[in-house]
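[1] give the three-dimensional model of this entry:
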Amino acid sequence: MQCPNQFLMLPTHHSLPLMNFPDFQTKSSSFCSWNRIPKIHHGPKAYHGFYVENASKKMLPFPPKVKNITSTSNPFVKHCVKLRLSSSYRYLHGSVLVVGAILDRPIIECLLVLDNSHIPEEIDYPSVHIIRVNSVVMSKLSGVQSNDSVHVIALVRFPTTFHVASDNLLEEDCRKWFSFPHRILVLDGIQDPGNLGTLLRSATAFRWGGVLLLPGCCDPFNEKALRAGRGASFQIQIITGNWTHIETLRKEFQMKMLAGHPSISDKLNPVLKLSKELADSLAELPLCLVLGSEGTGLSETSKSSCELVSIPMAGEFESLNVSVAGGIFMYMLQPENHVTI
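    You can find the predicted model right below:
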């Protein structure tokens with residue numbers, strides 16, 4: 001098991017404006033905390049419109065110089081904890097709490113460092129707001145009880161590589177979703193954050209062009225997804241959308257549609273076997289690979305819209321964990337030559 005305090009440096013992305021944080025110099029904070037936020041679900045409509053517009057309205061300059069926080073009742077601490085726990089709150093504010101990982105400076109809003117802990121040399125002091133916290137506050141912020149396991153927490157903005165596709169998006173705009181749409185991973189109802197994070201990590205490692213999340217997937221900025229992905233949520237291009245967006249993408253780039261499926265054949269849609277020969281025959285073709293959840297598998301739309309492909313296995317096993325299967329699929333189908341278009 002990897003220590004969550006291990007530092008991770010990620011590529012630079014353009015940043016969003018700074019968000020609204022508490023004014024620590026006053027007893028009555030100028031920070032407006034939303035105590036009642038409607039429950040929303042991950043999907044193309046979930047974080048569009050109302051939430052995005054209100055997040056932009058709440059963007060204000062960073063608070064005055066604050067160097068230490070010693071109380072868990074501090075409004076900024078409560079704000080950070082809510083960012084870690086609440087998906088809707090994260091999307092409302094456009095910020096993520098990353099425990100134990102250092103991301104590139106342009107998207108860092110604030111760095112919370114445990115008292116007497118070393119500040120990484122990569123951090124530029126003038127441009128990064130650093131706040132020292134004690135072990136009690138650090139435990140509250142991280143959700144980890146061991147004081148020795150987490151020394152640094154970064155409050156970061158959503159990366160520009162993340163986009164929520166709107167229902168009224170024009171077809172030609174799909175070219176802006178992915179810089180390299182030769183290999184796109186589509187996740188269909190992946191609810192387990194550990195599996196989703198691992199799949200994002202594998203897609204990044206095997207140079208896939210991006211990931212499209214269908215409705216029912218968990219939040220890619222969920223703390224468990226971030227931990228499993230080791231920062232992949234900030235590196236690979238991620239789009240949330242639905243099958244209308246996939247169809248737009250397919251038509252625009254003439255993409256072949258594949259879906260991972262157990263080896264049990266469907267009379268209406270026979271299952272191909274993953275092999276080097278199959279991978280070689282698809283090497284020059286842009287494609288989408290759809291993976292379904294372990295519990296319910298592929299949706300009917302996914303099964304009817306794709307050619308089904310299985311991983312040959314010995315013994316009586318019919319399927320693998322989706323993150324394991326996804327890693328095998330993405331390795332076999334990875335682009336041989338990565339060229340940015």
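
[2] quick one, helices of this protein?
    Remark: helices assigned in the chain by DSSP state H are 50-57, 75-85, 87-93, 135-142, 193-205, 223-229, 243-253, 276-281, 300-305, 322-333.

[3] name the helices or strands packed onto the second one?
    Contacting helix 75-85 under the criterion 3 or more C-beta pairs under 8 Å, 6 or more residues apart in numbering; DSSP states H and E are the following elements: helix 87-93, strand 95-99, helix 135-142, strand 152-157. C-betas here are computed from N, CA, C, even on glycine.

[4] which intervals of this structure have sub-threshold pLDDT?
    1-65, 101-106, 122-126, 147-148, 169-172, 265-268, 337-341 (pLDDT under 70).

[5] got the domain boundaries for it?
    1-160, 162-333 (automatic domain parsing).

[6] would you confirm that T161 contacts I236?
    Yes: if you go by C-beta atoms under 8 Å, T161 and I236 touch, sitting 6.8 Å apart.

[7] which of the two has more neighbours?
    I236 (24 against 18; other C-beta atoms under 10 Å).

[8] right, and the helices of the chain - which one's nearest V150?
    helix 135-142 (4.4 Å; C-beta to C-beta).

[9] for the closest one, which helices and strands make contact with it?
    Short answer (3+ C-beta pairs under 8 Å, 6+ apart): helix 135-142 packs on helix 75-85, strand 95-99, strand 108-114, strand 152-157.

[10] tabulate these (JSON lines), appending distance to K224 and mean neighbour count.
    Below are the helices and strands packed on helix 135-142 laid out as JSON lines (distance: least, C-beta to C-beta, whole Å; neighbours: other C-beta atoms under 10 Å):
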{"stretch": "helix 75-85", "distance to K224": "11", "mean neighbour count": "20"}
{"stretch": "strand 95-99", "distance to K224": "11", "mean neighbour count": "25"}
{"stretch": "strand 108-114", "distance to K224": "20", "mean neighbour count": "22"}
{"stretch": "strand 152-157", "distance to K224": "16", "mean neighbour count": "25"}
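
[11] A325: which of those is closest?
    Among these, the nearest to A325 by C-beta to C-beta is strand 95-99 (27.7 Å).

[12] give the contact list for L112.
    I69, C80, I131, R132, V133, V137, M138, L141, V152, I153, A154, L155 (C-beta atoms under 8 Å, 6 or more residues apart in numbering).

[13] do that again at 6 Å, thanks
    Contacts for L112 (C-beta atoms under 6 Å, 6 or more residues apart in numbering) come out as I131, V133, I153.

[14] the second one is in contact with T70, isn't it?
    It refers to V133. No: using C-beta atoms under 6 Å as the test, V133 is too far from T70 to be in contact (7.5 Å).

[15] next one: L291 from K303, what distance?
    12 Å (C-beta to C-beta, to the nearest Å).

[16] for K140, that is, sorry about that
    45 Å.

[17] next one: G260
    11 Å.

[18] looking at those two, which has the bigger crowd around it?
    Neighbour count, other C-beta under 10 Å: between G260 and K303, G260 has more, with 26 against 18.

[19] for that one, name its beta-bridge partners.
    The partner list for G260 in beta bridges (DSSP bridges) reads V309.

[20] next up, the contacts around it.
    L291, A325, F329.

[21] ranking by neighbours, what's the top pick from the residues you listed?
    Neighbour-wise, these (other C-beta under 10 Å) top out at L291, 26 neighbours.

[22] could the helices and strands packed on helix 75-85 go into JSON lines alongside distance to S179?
    Listed next are these as JSON lines, based on distance: least, C-beta to C-beta, whole Å:
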{"stretch": "helix 87-93", "distance to S179": "23"}
{"stretch": "strand 95-99", "distance to S179": "22"}
{"stretch": "helix 135-142", "distance to S179": "33"}
{"stretch": "strand 152-157", "distance to S179": "20"}
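
[23] and these: which comes nearest Q334?
    strand 95-99 (27.1 Å).

[24] check which helices and strands that closest one sits against.
    Packing partners of strand 95-99 (3 or more C-beta pairs under 6 Å, 6 or more residues apart in numbering; DSSP states H and E): helix 75-85, strand 152-157.

[25] rewinding a little: tell me which of the domains of the chain is the most buried.
    Per-stretch averages of neighbours, counted by mean count of other C-beta atoms under 10 Å, single out domain 162-333 among the domains of the chain, with a mean of 19.

[26] quick revisit: for E307, find the nearest of the helices and strands packed on helix 75-85.
    Nearest of those (C-beta to C-beta): helix 87-93, 33.2 Å.

[27] for G292, see how far away L141 is.
    Computed as C-beta to C-beta, the L141 to G292 distance reads 35 Å.

[28] do the same with N168
    28 Å.

[29] check the gap between the nearest residue to E318 once chain neighbours are set aside and V150 for me.
    Distances taken as C-beta to C-beta, 6 or more residues apart in numbering place P262 nearest to E318, at 4.6 Å, with adjacent residues excluded. Distance of P262 to V150, computed by C-beta to C-beta: 40 Å.

[30] now S263
    Look at S263 and V150: by C-beta to C-beta, they are 43 Å apart.

[31] before we move on, what about H118?
    To V150, H118 is 14 Å away according to C-beta to C-beta.
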